[in-house]
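1. Predicted model follows, preceded by the sequence.
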Amino acid sequence: MSYLWSVFTKPWSGLPGDELGKLIAGIGFAGAELPVRETAYVTPATAESELPKFTAQLRAEGIEPISVASDLSEPVFAACAESGVPMIRIMAELGPDGYAASVRRNRERLEQAVELTERYDVHVGVQPHHGRYVSSTLGVMQLLDGLPNHFKLVWDAAHDALAGDHPAVTLQLGADRLGLVNLKNVHYTRTNGNWKTHFVEAEEGLADWPAVFAALRQVNYTGPICLTGQYSDPAVPVEERLRKDLHFAVTSAAQHPSRE
C-alpha cells in the first residue's frame, strides 16, 4: 500500500476549494490538511456550511481531505463528520502557570472532547510542537494515555528533531496511536546573538527523512504523509520547494517501502 501524499494548505489558506485543488494536484499531491481558522477561507464559525462544499470541490480535483487544523468545538466536529474528514489536528499549548498545570488543563480539554469524538466519529490528533507547547512525542503520549482510540499522535519530523529525539525511537513509542506523519525540516540560525529555528528544505535540516521512512516501515505505517510547506526563507516560492521535497520524500519512501 502506498502513502497518501498530502500537504498542509496553510500557504494558500485564502483560496476557494476548486482553485486550491487544482494548485496542489498540480504540485503532485493527492491529499490535503485544511486550516479551519479565523484567517482561512473556512473558519470555525462557517465550517458547518462551508466545509462540505469546500471538500467536495477538492475531491472533484482528485484531492482527499485528511484532516483539519482547528479547534475542538462541536461545529468543527459536525462539519468534519458531514464532510468525511477523519481528524482534527491540535497542539497542546503551555501557559504561564507551568508545564504540569498546562498538561492537566490540556488533558481536561481532551476529556471533554471524548463525547464529541464518539458522537461524530472524528479523531483528535495531537502534534508535538517546539517552544510553548508539549514538545515531545513522549509528552504527547503521556497526555493521551488512557484516552479512547479516537485520540491520535500526529508525529512531526522537524519538531521531533528539535526535541533531540530520533524517529527510530519515537515512531516505535507512538506506533499504537499514530494517526498522521508530518514532514518538514529545520535547523537553528544565530540572529543578534540568539538561536532561532529556521525551517528549510528536506535535505538541509536536523530531521533525517530517509530514517523516518525506515522507522515507518518497522511499525508498518501506511497512513497519510503530510508535507507542511513551512519554510522560513520566502525567497523561493513554496510551490517550487514543495515539488522538490515531495520528490525527495517519494524517493526516500521507495527505498524503505511499507510492508504489505
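-> Now that the structure is in, tell me what you want to look at.

2. where do the helices sit along the stretch 101-250 of the chain?
-> Taking DSSP state H, counting those that start in this stretch as the criterion, the stretch 101-250 of the chain carries its helices at 137-144, 157-162, 167-173, 209-219, 238-255.

3. So which bits of the last one are buried?
-> By neighbour count, and taking 16 or more other Cβ atoms under 10 Å as the criterion, the buried residues in helix 238-255 are 238-239, 241-242, 245-246, 248-249, 252-253. Any C-beta I mention is one placed from the backbone N, CA and C, and that applies to glycine too.

4. and the helices of the stretch 101-250 of the chain as TSV, adding distance to residue 26 and mean pLDDT?
-> What follows is those, written out as TSV (distance: least, Cβ to Cβ, whole Å; pLDDT from 0 to 100):
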stretch	distance to residue 26	mean pLDDT
helix 137-144	33	98
helix 157-162	24	98
helix 167-173	30	98
helix 209-219	23	97
helix 238-255	8	97
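
5. Which one of those helices lies nearest to residue 62?
-> helix 238-255 (15.2 Å; Cβ to Cβ).

6. hmm, who's touching stretch 132-145?
-> 91-94, 102-103, 106-107, 110, 126-129, 151-153, 155, 159-160, 162-163, 165, 170, 173-174, 177 (Cβ atoms under 8 Å, 6 or more residues apart in numbering).

7. hmm, back to that, any chance of the helices of the stretch 101-250 of the chain in JSON lines, plus distance to residue 34?
-> JSON lines is the format used below for the helices of the stretch 101-250 of the chain (distance: least, Cβ to Cβ, whole Å):
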{"stretch": "helix 137-144", "distance to residue 34": "22"}
{"stretch": "helix 157-162", "distance to residue 34": "20"}
{"stretch": "helix 167-173", "distance to residue 34": "25"}
{"stretch": "helix 209-219", "distance to residue 34": "23"}
{"stretch": "helix 238-255", "distance to residue 34": "16"}
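
8. give me the beta-bridge partners of the one residue sitting closest to the centre of the chain?
-> Closest residue to the average C-alpha location of the chain: residue 182 at 4.9 Å, with Cα atoms, centre = their mean. Beta-bridge partners of residue 182, counted by DSSP bridges, are residue 156, residue 226.

9. residues in contact with residue 5?
-> Counting by Cβ under 8 Å, 6+ apart, residue 5 has contacts 28-31, 224-225, 227, 246, 249-250.
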